[in-house]
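Enquirer: Give me a 3D structure for the following:
(chains A, B, C and D)
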Number of protein chains: 4
Amino acid sequence: HSMREIMYSFVEDKQEFSRYPIKAGRRSLSRSISQSSTDSYSSAASYTDSSDDETSPREKTQVNSRGSTDFCVKNIKQAEFGRREIEIAEQDMSALISLRKRAQSEKPLAGAKIVGCTHITAQTAVLIETLVALGAQCRWTACNIYSTQNEVAAALSDSGVAVFAWKGESEDDFWWCIDQCVNTEGWQPNMILDDGGDLTHWMYKKYPNVFKKIRGIVEESVTGVHRLYQLSKAGKLCVPAMNVNDSVTKQKFDNLYCCRESILDGLKRTTDVMFGGKQVVVCGYGEVGKGCCAALKALGAIVYVTEIDPICALQACMDGFRVVKLNEVIRQVDVIITCTGNKNVVTRDQLDRMKNGSIVCNMGHSNTEIDVASLRTTELTWERVRSQVDHIIWPDGKRVILLAEGRLLNLSCSTVPTFVLSITATTQALALIELYNAPEGRYKQDVYLLPKKMDEYVASLHLTTFDAHLTELTDDQAKYLGLNKNGPFKPNYYR
Amino acid sequence: HSMREIMYSFVEDKQEFSRYPIKAGRRSLSRSISQSSTDSYSSAASYTDSSDDETSPREKTQVNSRGSTDFCVKNIKQAEFGRREIEIAEQDMSALISLRKRAQSEKPLAGAKIVGCTHITAQTAVLIETLVALGAQCRWTACNIYSTQNEVAAALSDSGVAVFAWKGESEDDFWWCIDQCVNTEGWQPNMILDDGGDLTHWMYKKYPNVFKKIRGIVEESVTGVHRLYQLSKAGKLCVPAMNVNDSVTKQKFDNLYCCRESILDGLKRTTDVMFGGKQVVVCGYGEVGKGCCAALKALGAIVYVTEIDPICALQACMDGFRVVKLNEVIRQVDVIITCTGNKNVVTRDQLDRMKNGSIVCNMGHSNTEIDVASLRTTELTWERVRSQVDHIIWPDGKRVILLAEGRLLNLSCSTVPTFVLSITATTQALALIELYNAPEGRYKQDVYLLPKKMDEYVASLHLTTFDAHLTELTDDQAKYLGLNKNGPFKPNYYR
Amino acid sequence: HSMREIMYSFVEDKQEFSRYPIKAGRRSLSRSISQSSTDSYSSAASYTDSSDDETSPREKTQVNSRGSTDFCVKNIKQAEFGRREIEIAEQDMSALISLRKRAQSEKPLAGAKIVGCTHITAQTAVLIETLVALGAQCRWTACNIYSTQNEVAAALSDSGVAVFAWKGESEDDFWWCIDQCVNTEGWQPNMILDDGGDLTHWMYKKYPNVFKKIRGIVEESVTGVHRLYQLSKAGKLCVPAMNVNDSVTKQKFDNLYCCRESILDGLKRTTDVMFGGKQVVVCGYGEVGKGCCAALKALGAIVYVTEIDPICALQACMDGFRVVKLNEVIRQVDVIITCTGNKNVVTRDQLDRMKNGSIVCNMGHSNTEIDVASLRTTELTWERVRSQVDHIIWPDGKRVILLAEGRLLNLSCSTVPTFVLSITATTQALALIELYNAPEGRYKQDVYLLPKKMDEYVASLHLTTFDAHLTELTDDQAKYLGLNKNGPFKPNYYR
Amino acid sequence: HSMREIMYSFVEDKQEFSRYPIKAGRRSLSRSISQSSTDSYSSAASYTDSSDDETSPREKTQVNSRGSTDFCVKNIKQAEFGRREIEIAEQDMSALISLRKRAQSEKPLAGAKIVGCTHITAQTAVLIETLVALGAQCRWTACNIYSTQNEVAAALSDSGVAVFAWKGESEDDFWWCIDQCVNTEGWQPNMILDDGGDLTHWMYKKYPNVFKKIRGIVEESVTGVHRLYQLSKAGKLCVPAMNVNDSVTKQKFDNLYCCRESILDGLKRTTDVMFGGKQVVVCGYGEVGKGCCAALKALGAIVYVTEIDPICALQACMDGFRVVKLNEVIRQVDVIITCTGNKNVVTRDQLDRMKNGSIVCNMGHSNTEIDVASLRTTELTWERVRSQVDHIIWPDGKRVILLAEGRLLNLSCSTVPTFVLSITATTQALALIELYNAPEGRYKQDVYLLPKKMDEYVASLHLTTFDAHLTELTDDQAKYLGLNKNGPFKPNYYR
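Expert: Numbering: from 1, shown residues only, chains lettered A, B, ... in the order given. Just a heads-up that it's a prediction; the model follows:
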């Protein structure tokens, strides 16, 4: 299969992915793009290499401080700088460091040969180096052509991880890097850590014999998980896979807690809008919508909710929000926020009726929720007033403010806190340990959720950040409840 | 088996029921006891019959206005009064009335012969008369010896429902009434609506042949559900049963929304405590605990949380509560509230260290959470200062205020809003319709949760109360999401 | 002047008192009526004397344990019971006890001869006995014919305070008791503590020569303060008076903090309404309205505000409430709450348009806000369903639920926490000390607000309840801020 | 007097200004600096003139489109660009435009010759052009050497307002510009609009005879108001002045409402900190502190408060915050926020004890609250990680994150919403109209607060933004309340 075909199948996946209405699709993809486009420490740092030569890394010969050439990054000399960034990230990822310390003597990943395909950032580096500390060998590539922090890639390569990634890869580079990770002499991977499913797909298509011997796949993204379920449904998934996207802890943070903060941040950074007294309609009252509504209400906005699901609608009522159809409030609201996972939730007809100066943005998934395409017509004028902020101007002078061209506000115009990234990374590490060490037969050729107990372990590792102290059951209480003192404490379906 | 044995098995059930840590066990049982003990409209009404003669209803001969004697209530002459109460209840149960109207022409329960064993209140009467309107024949008895509203029982009996129940039954009366419902010539029940499992148990033990022909059981209470699961596990459940206790809509209202209000109400009615500035520790951060914490925080209390489950603990952190061990704050808090489903969460040792004037109460389940027994010692003085309020006085004069002797505060010292009862009753009605009409084979001899779609339907029927307007999917959107336009909208495990 | 005239002037005062739109007029008057009508500890206690003989106390001869007969109460034998109630109240009034301890050695009230006219409750007793402990001699009477706790009056009389008061005085008794306090041989008062102005008025009219020698009047109620300002304006106030009603601390507690809790409590106790999702309109966004709105919003209600004052209206906007005219929402709201201090805020015309089952109540002042008189017409049926709860039934069957016949909900259907009473009592004690000890010339013949510093002192005495720790200024900081290290910290106009 | 002397006196003022603990001193000064340093629309626009020549505007000869040379700006050719910015600002300042329309026919400022010294931004331009529309002639200069938006200055100059201001003036330029405004042939000012008092001071010192004939001064800043009070106290203020800084409406917005939003925005933009679960101590519970606490609590932080004033401390308790001394929590908190108006509230000793990774910032006033100077010692390393963000690194590697070097976070790292600027500008316009039209004798040679009624008018003009509808008193109600139907509705001291 040609790369083009593979890419094409990926595009098709995107079409179907829409079945999962709640989640913020391929969130991780955009995350680092956003990060690298902000004035963050690491990107400030990155700026220093703008004077770099334009030679493609594939054409360079580079040697790391250990004498190895088994890597391909922008500039190995940036390693020291990248190391410092990793060290700073470590300070905010104490859960992972704690896991590293607790498991280091056991080496639960001894013998594991992991190929990874994720964003390559300081936070990912902390994960990778934790895997190494636990005994694994790692080869790594980027899941996105823009999201690699070059200094971090250099630091990892310098310390012995074979990294093939740089910022600004071409499509051809992208697949070449993946191939370099997988197809190497004398080293055959037995574990996969993927984000988006490209690496998995590549191995499945190009190296079916290697793929069959993999002991487990850990997949983070909605899209990748969806592709795995499709493979499984089609009876073609020949290895156990773990869906870490849907762990309870990760879900709560990615959606409810994270969006509660990023809706405020995203709106403020782009528009400096004052929240007090603003009339806002939030389309969708899932976890993302709940987070947005709670934050805006708390800051003095008057919030309306639209919903298709009566159970969520009833929750909105009990939480103090009027549940309306969008058309009922479209002429009066100052802000529209979509969180549905649906498409064309805000139509051109509705945009036509919005007030002058009103804001429209998307917190849901992808870029389908607002019918942005309908705004690209000759009678409307687009005026870019800031990065991520367009004024759409109607013939009568009315302006509607469109944020991030309808893409995810939280990823385009805000940042993901390191604490949330720590939860994801810790979940990934535990999933790898579980799959690698599981006794024969525990996992079949299927897609699994992270076991409840491990989900709870991820949570417990993060409690120290808050100086939170768990109560332990007495023997007597555990017996009374019919529970093991160490958990799991809730049924698997508990959210 | 003797009645004593049956009762004994019931007591044993209570011991084991403790495995379900989240729910507020046998909530429905206590509910009406509480209601009938408060100064509510209906109980005020009941007061008028205190001058009634003391003859046992079993010894009376009564005839209703239709000439029937197939019932046994306190005084059939109270029917008119009870009718008025039912009419008032109807005003607050518009969902059920709406269901009645929508389904009346179809008569989905035509041919159904339902025996019911629930609290007999104006709200239950609205349910029963809805079942009748939809085509069912009903015979009814009380699930609790104290909770019958006599006027309502009279009104039901007068309109043709065979009711066997009165307030203040003896244990012998209780089982006699159940038997009268079931064991009647020329009428064999084919559906059961139970609350607590006593009716089910009685039929299972005494009339196994009738029991086998039942098309379905609908059970509301935690205890009853637990008994059904035990039967099922033992392979003895020969009819399909539906657990309506765990429907999403009912759960949210019984626990989160209801407790959010009743914690304030219960504390205020008993102690007149001012919430502002009070230090409160809430033990357990499940749905009940979340409701309590949110309400108290909103009213200006400083709230601490104890938890055994790291996922719930992390949620408490993110919601702004310090997670502590009880011993860390025991000396400083003004109020302790238990919501764990566990036992001995507050021990005598801890009660010894509480401040003078502090309050201790239970919102969780049963009466095991606070070790009340440990307080019944000679060195401590108990002083009853109001109904449901005891001062426990230490030798040094310290007073700790114990509410409802450690039983459920929300049921003992507050009331359950009719709106919540409406949700339960509507769920029961839909479950009966579903089981009665289900095609052969849909339900086996097992315990089922209410199908998601019906759960959603219960919710939608209650949206009109809030003048909430659901958005409908377009064909295009439904296709995009892969959903039916009429739902269900979420996976079964969605909470 | 005849008593009738005096009463008449009082009634006129009421007419004019309406100029103060924010305050909850004569709040203190109703307070204890409410208390004594609820199921409170003390009133439960009171119940025991219902078997008492019907002889008027004025016709009895009673002797206290010290051999004195200089008092007139219901039954001196109840003293022991009353003593216990006082002791319990002391536990919740630690600020006053603390003041008692701090000032006891100085005896700042040595030589003070105080006549008092207030509600006679356990809380007042703690105040009176504090005044005695600080050196004062006291004679006391009741400001309301219904509000006296007889046991407390007995306990005070037994310990040597000359009390003239009992529950259920006639109008004639009322003035006789006042006269007994003032007009006694060999004892001439030099300080007045009044609540409502009746005692002051009586002395001013009947004993002008005694009145002139008074060193200071402390007045708590809105009405009493208004009467003092009128006297002052008319140039007839010949002694300094202190308005303790408008102290910052007292105001915040009486209005904002107290109403934030009592609106929930009052609605729940009377109607068991569920707050979640309810549409509520609050008329008036002063301190009382702010408290009501905050509490209801926090419990999940959707709250609208009406206002006449644009500054308050803008605050409502910024706090997240839609500001509407009542007519805009009258057909959709479930609850109307008036907090304006105005009259006819809810008219018959508007009541006609309310929904079936909606609730209307008053938190503002007096009983003028809802046009209750307009509902007393033949076409409407009133049905009393509980104490303080009437259903008004329209010819078409629509019911509107009127609480407390339009009187103050917070006083009729809720209770005032002892903590709030403690703030009032402490403020009164400090005002008496200040006026009694003020150097010649500090206070002229006028009405004064409590000096800021004393207001701050009242607050600081109550901080211990919350285990709150104040920060002290360093010398350097005090100099930098131009403040005395011990306060006052804010300008007098600071609210 | 030399300029140096004048500047010196200004510096002295700053020393004394500290007496006003609540307000955020010279807020307006920093405001535009902050604005111009962010990625805002207008500054993005400004960027285009970076290619401008470096010639001083004083040395250029420029002619506007009307042929006039009576102005001095960076580049008159930028007028068109500035015009567009003014038009956009007009859209967010509907209150001012509304005032313009209502008063345009009356020309209440006909004959007024106003000299102004403020920040020169698009928002100020809307104010100036409103004054012109109402009949005034205006000459304008900048109150800050960095804050002028050059395009706006050009647009104003082009339309006939004599502006003397550009971004990046020298100190000498600053005073020259002021002088050009005041000292012009054939035009003598009769009104002053000042922000900081520099213009007032200059006229008072240099042109005492012109100064005496001024009909009124309107001053916005804390500093300027303080200087006026000093002049008044010294008996040297020979014209009436109006303090618009302390109007109720402006105060609420500048402090409570604005800070409620900017604390979140400022922290997020600089540190991307996640608020949920963070332990935060807020020093000072005035309006600014109240705003910060409410916002952080709402977003899930655990907030402690320090206070010196017992009344504010008691409010903090009732609002649900533990009141502590800083030392009690210094080791555990993640964030310290100062809002006191005091100095050295956070000392080096305390900074030494903070946790690794904790954040310290100032929302109060000036830059004195955190003892930043104490951190500039050799053993500590400063690392600038982003604009406005320094890591202070202790010898053991501990990092404390200092924001804006201890200057005001809300002004350095956030923006002031146009809505808040609109309130200030409208207040200034109304103050000018009032002073200019006041009948002889209404205002003496003193400093006045804006009359309550005008304060209310400012609020009412801003209600339309929220589609808020005021209720009007009936004649009967107005009489009952003793109020004029058009206000003022509250006493002057009402906050």
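
Enquirer: unless I'm mixing things up, residue A:141 is touching residue A:196, no?
Expert: No: if you go by C-beta atoms under 8 Å, residue A:141 and residue A:196 don't touch, sitting 11.5 Å apart. All C-beta atoms are positioned from the backbone trio N, CA, C, and that covers glycine.

Enquirer: Spell out which residues are contacts of both of those two.
Expert: residue A:117 (C-beta atoms under 8 Å, 6 or more residues apart in numbering or on different chains).

Enquirer: what's the helix or strand for the residue of the stretch 51-200 of chain A found nearest chain B?
Expert: Closest to chain B within the stretch 51-200 of chain A is residue A:95: 10.9 Å, counting by C-beta to the nearest C-beta. Take DSSP states H and E as the rule and residue A:95 turns out to sit in helix A:94-103.

Enquirer: Now do the buried residues in that helix.
Expert: A:94, A:95, A:96, A:97, A:99, A:100, A:103 (16 or more other C-beta atoms under 10 Å in any protein chain shown).

Enquirer: Quickly find the element holding residue A:431.
Expert: helix A:418-437.

Enquirer: After that helix, heading C-terminal, what element do we hit next?
Expert: strand A:447-449.

Enquirer: Toward the C-terminus, what is the element adjacent to that next one?
Expert: Following strand A:447-449 toward the C-terminus (DSSP H and E): helix A:452-463.

Enquirer: Quick one: work out the angle between that next one and helix A:418-437.
Expert: Between the axes of helix A:452-463 and helix A:418-437, defined by axes from the mean of the first three to the mean of the last three C-alpha atoms, to 10 degrees, the angle is 140 degrees.

Enquirer: Helix A:452-463 and chain B, are they touching?
Expert: Yes: using C-beta under 8 Å from any C-beta of the partner chain, helix A:452-463 reaches chain B at A:455, A:456, A:457, A:459, A:460, A:462, A:463.

Enquirer: what's near enough to touch the nearest residue to the third one once chain neighbours are set aside?
Expert: Put plainly, it is residue A:457. Distances taken as C-beta to C-beta, 6 or more residues apart in numbering or on different chains place residue A:430 nearest to residue A:457, at 6.4 Å, with adjacent residues excluded. By C-beta under 8 Å, 6+ apart, the residues touching residue A:430 are A:99, A:450, A:454, A:457, A:458.

Enquirer: Ok, residue A:383 next?
Expert: A:390, A:391, A:393.

Enquirer: can you tell me which of these are in strands?
Expert: A:390, A:391, A:393 (DSSP state E).

Enquirer: Tabulate those in a markdown table, adding columns for pLDDT.
Expert: Shown next, in a markdown table, are the ones in strands among the contacts of residue A:383 (pLDDT from 0 to 100):
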| residue | pLDDT |
| --- | --- |
| A:390 | 96 |
| A:391 | 95 |
| A:393 | 96 |
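
Enquirer: Chain C: which of those is nearest?
Expert: residue A:391 (25.4 Å).

Enquirer: Report the outermost residue of chain A with respect to its centre.
Expert: residue A:476 (41.9 Å; C-alpha atoms, centre = their mean).

Enquirer: show me the contacts for that one.
Expert: B:343, B:344.

Enquirer: Pull out the buried residues from the strand or helix carrying it.
Expert: Assigned by DSSP H and E, residue A:476 belongs to helix A:475-481. Buried residues in helix A:475-481, defined by neighbour count with 16+ other C-beta under 10 Å: A:477, A:478, A:480, A:481.

Enquirer: Would you confirm that the first one contacts residue B:343?
Expert: Yes: taking C-beta under 8 Å as the definition, residue A:477 is a contact partner of residue B:343 at 6.3 Å.

Enquirer: just to revisit the earlier point, okay, residue A:141 and residue A:196: which has more neighbours?
Expert: residue A:141 (29 against 25; other C-beta atoms under 10 Å in any protein chain shown).

Enquirer: so what strands line up beside the helix or strand that contains that one?
Expert: In this structure, residue A:141 sits in strand A:137-142 according to DSSP H and E. Partner strands for strand A:137-142, per DSSP bridges, with pairing direction: strand A:113-118 (parallel), strand A:162-164 (parallel).

Enquirer: Report the mean confidence score over the helix holding residue A:431.
Expert: Per-residue pLDDT over helix A:418-437 has a mean of 95.

Enquirer: Using CSV, list the CA coordinates for stretch A:58-66.
Expert: C-alpha atoms of stretch A:58-66 as CSV (Å, rounded to 0.1, in the frame of the first residue of the first chain):
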residue,chain,number,x,y,z
ARG,A,58,17.5,13.1,6.9
GLU,A,59,20.4,14.4,5.0
LYS,A,60,22.5,15.3,8.0
THR,A,61,25.0,13.0,9.8
GLN,A,62,24.8,13.4,13.5
VAL,A,63,26.5,11.6,16.3
ASN,A,64,25.3,11.7,19.9
SER,A,65,27.6,12.0,23.0
ARG,A,66,27.5,8.2,23.3
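
Enquirer: which of the residues in it are buried?
Expert: Within stretch A:58-66, the residues that qualify as buried are A:62, A:64, counting by 16+ other C-beta under 10 Å.

Enquirer: Distance from it to the middle of the chain?
Expert: 30 Å (C-alpha atoms, centre = their mean, to the nearest Å).

Enquirer: Now do the contacts for residue A:438.
Expert: By C-beta under 8 Å, 6+ apart, residue A:438 lies in contact with A:216, A:240.

Enquirer: what about it, distance to residue A:214?
Expert: 13 Å (C-beta to C-beta, to the nearest Å).

Enquirer: Likewise for residue A:389?
Expert: According to C-beta to C-beta, residue A:389 and residue A:214 sit 45 Å apart.
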